[in-house]
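**Q** starting from these lines, generate the structure:
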Amino acid sequence: MASVRAAIALSACLLGCLLVQQTAIAGPAPRPIEILEVFSPSFGTWLAGPSGRQLVLFTDDTVGGADAADYLFGARSGEFVISGSANQAINILIDNTFATGGVVVNQVICQYHRDLPARCDGAGVDARSGNDRTLKIGIDITTSQAHTGGDAPTINMDVAVIYL
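**A** Alright, predicted model coming up:
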């Protein structure tokens, strides 16, 4: 591994000379992180029902929660491909979540590469980077209005991945 050496020397003379030197050693800059969206999370189609129903879209494309019986078909968890430098510490954060169509997002669940699913809104989750690793996103929602059936709410979010 090549290293970069930088030296800063500052000298000032005031009734004598003062020499201050600072040296920093760093490794090569990490490769920029790339995020490719393959699928947006979608709850598919569900039955008519009252406000207050809870549904969870898991990272394996299944639907659960207290009112999972109202789910009909077509659910798909979000899928993203993350690429960056190998084996660097990263943080994955889902932020600025906004839902339309009469639902409220309770929490967002991420499963990165071979890691176990974990909540990734709020503080995010720490992981290790790699090339072309899959990020699956699931969402826990509660309906905030009655639905007539065949509804398909939209959930928008920012996906952020940073080196630590």
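
**Q** the helices in the protein, which residues?
**A** Counting by DSSP state H, the chain has no helices to list.

**Q** and the strands in it?
**A** Here the chain has its strands, by DSSP state E, at 4-13, 17-26, 34-39, 45-46, 54-57, 63-64, 71-73, 78-83, 89-100, 103-112, 118-119, 125-128, 133-143, 154-163.

**Q** relative orientation of the third one and strand 154-163 in degrees?
**A** By that I understand strand 34-39. Angle of strand 34-39 versus strand 154-163, following axes from the mean of the first three to the mean of the last three Cα atoms, to 10 degrees, is 150 degrees.

**Q** now do the longest one
**A** Going by the same axes, to 10 degrees, strand 89-100 is angled at 170 degrees with respect to strand 154-163.

**Q** which other helices and strands does strand 89-100 contact?
**A** Judged by 3 or more Cβ pairs under 8 Å, 6 or more residues apart in numbering; DSSP states H and E, strand 89-100 is in contact with strand 103-112, strand 125-128, strand 133-143, strand 154-163. C-beta here means a position set from N, CA and C on the backbone, and glycine is covered the same way.

**Q** let's have these in CSV, adding mean neighbour count.
**A** Listed next are these as CSV, based on neighbours: other Cβ atoms under 10 Å:
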stretch, mean neighbour count
strand 103-112, 20
strand 125-128, 18
strand 133-143, 22
strand 154-163, 16
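
**Q** so which of those strands is nearest Val63?
**A** Closest approach to Val63 among those is made by strand 133-143 (9.5 Å; Cβ to Cβ).

**Q** returning to that earlier point: weakest of the strands of the chain by average pLDDT?
**A** Least confident of the strands of the chain, judged by mean pLDDT, is strand 4-13 with a mean of 27.
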